[in-house]
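Novice: Dropping the sequence and predicted coords here.
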Amino acid sequence: MSETNDLTPAEERIWRAFPRGESVDFCAAEDEDPALGSAWGAERSVRASVLRALLIKAPQEEGEIAALKITGVRITGVLDLKHATIDAAIRLSRCQFDGVPNLYGAQLRQLNLSKSVLPGLTSATLKVEGVVRMTGCRMRGPVRLGGAQISGALFMDDAEFSAPDDSEPVLQLNQAVIGADLWAPNMRANGQVRLTGASIAGRMNVQDAEFNHPDGTALDAQNLNVAAHVRARRIRTRGGIELRGSHISGRLDLLQAHLSHPGDTALRASSCVIGELWLQHGDRIEGALNLRRSRIEIMNIEPEMLPDQVHISNLTYTVLTPHEPAERRLPMLEREGDRYEPYGYEQLTAAYRHVGDDDAARLVQLAKQRRRRSTLTWYGRLAGYLQDAVVGYGFRPQRAAVWLLSLMAIGSIAYGLDHPRPVKAGEAPAFNPVFYTLDLLLPIISFGQESAFAPVGWHQWLSYALIITGWILATTIVAGVTRSVSRQ
């Protein structure tokens, strides 16, 4: 190749270092900014075609391990390694790339672009035997890693991703397979990040990251599969997070997170399988929360973080923490909309019973009956109001005793002041106002008082009222208590 016959001093220096795997550092200072690399002269410039020829030719020295290790150069032209198989490790750190490197379908041993500035990266279906490092990189165009297979970890901590337009995601990792961790704390993305169908064998760490795509989905990770935890503490999103159909074996850790997508869904984790969901100590979610049809073993959610719209129909969970009174948890069930969703009440009831809080479980069941009442016909609602007032749908049976004692006191006082006349004079037992009132109130038990005396006038109207009230009270108590017992 003509380039290899006319090497610049900088290129000769790199060519000589490669067979021995030696590092070549062109930096003038430790804190030098590679974004200013366009001003670097020939002494710090390397042609991409020369690097390509070096990697493909791969000169060797006996007993040495070849590697390309360059720091602080401007790489002119396009580094084209499309479909190439490179056995040497590649480290191009603190470099500025004039063109978008093309690594489509390439097979590499290791790739390190740490703290470099690139106009983008084309590397779909890339295969890397080791790790890929983009720590501190500044990407000014789309990074295409769709379908990539990385045996080791992918490092993108402190990296920045942006693009001149919004025509495609700034970072594409859809269908990528990562054999270890995806490590990206403090990452910043101005545009959509796509992780649909990706598989991560270790952890995913996006702690303190920022995802900005306010007009749509900021993080599209549908059908994501993570074998360990997703650590997303203190992340800030402007735009939606889409996790529909994902499987996260460990925690989805959103402690101190700020999720914002007003007027749309801020977090959709529907049809997911998640070990633990942590939503605590963060700002109130701006936008809807959708957890429909998901299965989550432990939900660690503070009521203060929940938005006005919470969709949890057919959500299954075992433990709900921290332990809060039922009054603090019930609004979560009422934010589904106008629809009556009994399953949510049953799940919350089961969670309270799981920790032995039967009082809270009864309050949830009472709230369920009151919500159901709004869906009934007018006569059904009337009967519901009656059962609620008398015995709280069977979940507050002590009310029945209060009603009975109140009516018994009224009748006993009224009949005690003015006795009704006996049916047969001289044959009637001694009048007892208390047991006479009980005879009227209790439809089954008889103390022999009601049949022995015949009230007239206001006595008669009072007896009618007590008999009717007694029947209604007894029917309501039986219906309510039967419902309560059947649920136990």
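Specialist: The structure has been received and is ready for your questions.

Novice: and residue 468, that one's in a helix?
Specialist: Yes. Counting by DSSP: H, G, I helix; E, B strand; the rest coil, residue 468 is located in a helix.

Novice: Tell me, how many residues neighbour it?
Specialist: Residue 468 has 11 neighbours, counted by other Cβ atoms under 10 Å. For the C-beta atoms, the positions are set from N, CA and C on the backbone; glycine is no exception.

Novice: Secondary structure element holding the residue lying closest to residue 357 once chain neighbours are set aside?
Specialist: Nearest residue to residue 357 in three dimensions, chain neighbours excluded: residue 323, at 7.3 Å (Cβ to Cβ, 6 or more residues apart in numbering). In the assignment (DSSP states H and E), residue 323 maps to no helix and no strand.

Novice: which residues touch residue 171?
Specialist: Counting by Cβ atoms under 8 Å, 6 or more residues apart in numbering, residue 171 touches 139, 142, 143, 145, 161, 189, 191, 193, 194.

Novice: Quick check: next helix or strand after the lowest-mean-pLDDT helix or strand in the chain?
Specialist: The weakest-scoring helix or strand in the chain, judged by mean pLDDT, DSSP states H and E, is helix 2-5 (a mean of 61). Downstream of helix 2-5, the next assigned helix or strand under DSSP H and E is helix 9-17.

Novice: right, and the helix or strand after that next one?
Specialist: strand 23-25.

Novice: Paired strands for that following strand, with orientation please.
Specialist: With DSSP bridges as the test, strand 23-25 is paired with strand 67-71 (parallel).

Novice: Need the residues that contact the strand it pairs with.
Specialist: With contact meaning Cβ under 8 Å, 6+ apart, strand 67-71 is reached by 14, 17-18, 21-27, 46, 51, 54-55, 88-95.

Novice: Just the buried residues out of the residues you listed, in ChimeraX syntax.
Specialist: This is how ChimeraX selects the buried members of those, with burial counted by 16 or more other Cβ atoms under 10 Å:
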select :14,17,18,21,24,26,46,51,54,55,88,89,90,91,92,93,94,95
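
Novice: quick one: low-confidence parts of this structure?
Specialist: 1-5, 336-338, 383-401, 425-428, 444, 447-451, 472-488 (pLDDT under 70).

Novice: which residues does residue 94 contact?
Specialist: Each residue near residue 94 by Cβ under 8 Å, 6+ apart is listed here: 27, 32, 34, 71, 72, 114, 115, 116.

Novice: can we see that at 6 Å?
Specialist: 34, 71, 72, 115 (Cβ atoms under 6 Å, 6 or more residues apart in numbering).

Novice: The last one belongs to a helix, doesn't it?
Specialist: No. According to three-state DSSP, residue 115 belongs to no helix; its state is coil.

Novice: Count the residues that sit near the residue nearest to it when sequence neighbours are not counted.
Specialist: Among residues not flanking residue 115 along the chain, residue 136 sits closest, at 4.0 Å (Cβ to Cβ, 6+ apart). Using other Cβ under 10 Å, residue 136 has 20 neighbouring residues.

Novice: Ok, residue 77 next?
Specialist: Residues lying near residue 77 (other Cβ under 10 Å) number 16.

Novice: Skipping adjacent residues, who's closest to it in space?
Specialist: With Cβ to Cβ, 6+ apart as the criterion, residue 77 has its nearest non-adjacent residue at 3.9 Å, and that residue is residue 48.

Novice: That neighbour and residue 79 touch, don't they?
Specialist: Yes. Using Cβ atoms under 6 Å, residue 48 makes contact with residue 79 at a distance of 4.0 Å.

Novice: the more surrounded of the two?
Specialist: Counted by other Cβ under 10 Å, residue 48 and residue 79 do not tie: residue 79 has more neighbours, with 25 against 20.

Novice: This structure: helices as residue ranges?
Specialist: Applying DSSP state H to the chain gives helices spanning 2-5, 9-17, 48-57, 326-333, 342-354, 358-373, 378-391, 398-417, 433-441, 458-487.

Novice: which other helices and strands contact the fifth one?
Specialist: Counting contacts by 3 or more Cβ pairs under 6 Å, 6 or more residues apart in numbering; DSSP states H and E, helix 342-354 is packed against helix 358-373.

Novice: Any buried residues in the helix it packs on, and which?
Specialist: Buried residues in helix 358-373, counted by 16+ other Cβ under 10 Å: 360-369, 371-373.

Novice: and which of these is nearest residue 288?
Specialist: Distance ranking of the buried residues of helix 358-373 against residue 288, using Cβ to Cβ, places residue 371 first at 20.0 Å.

Novice: which residues touch that closest one?
Specialist: Residues near residue 371 by Cβ under 6 Å, 6+ apart: residue 340.

Novice: now do residue 261
Specialist: Residue 261 neighbours (Cβ under 6 Å, 6+ apart): 239, 240, 287.

Novice: wait, what's in contact with the first one?
Specialist: Listed by Cβ under 6 Å, 6+ apart, the contact set of residue 239 reads 213, 214, 216, 218, 261.

Novice: quick one: the nearest residue to it once chain neighbours are set aside from residue 192, how far?
Specialist: Excluding its sequence neighbours, the residue lying closest to residue 239 (Cβ to Cβ, 6+ apart) is residue 218, at 3.1 Å. Note on residue 218: its distance to residue 192, by Cβ to Cβ, to the nearest Å, is 6 Å.

Novice: now do residue 357
Specialist: Residue 357 sits 43 Å away from residue 192, taking Cβ to Cβ as the criterion.

Novice: So which of those two has more stuff around it?
Specialist: Higher neighbour count among residue 357 and residue 192: residue 192, with 25 against 16, using other Cβ under 10 Å.

Novice: In this structure the more buried one contacts residue 169, no?
Specialist: Yes. Counting by Cβ under 6 Å, residue 169 is a contact partner of residue 192 at 4.1 Å.

Novice: give me the number of residues near the nearest residue to residue 454 once chain neighbours are set aside?
Specialist: In space, and not counting its chain neighbours, residue 454 is closest to residue 423: 4.9 Å by Cβ to Cβ, 6+ apart. Neighbours of residue 423 under the rule other Cβ under 10 Å: 11.
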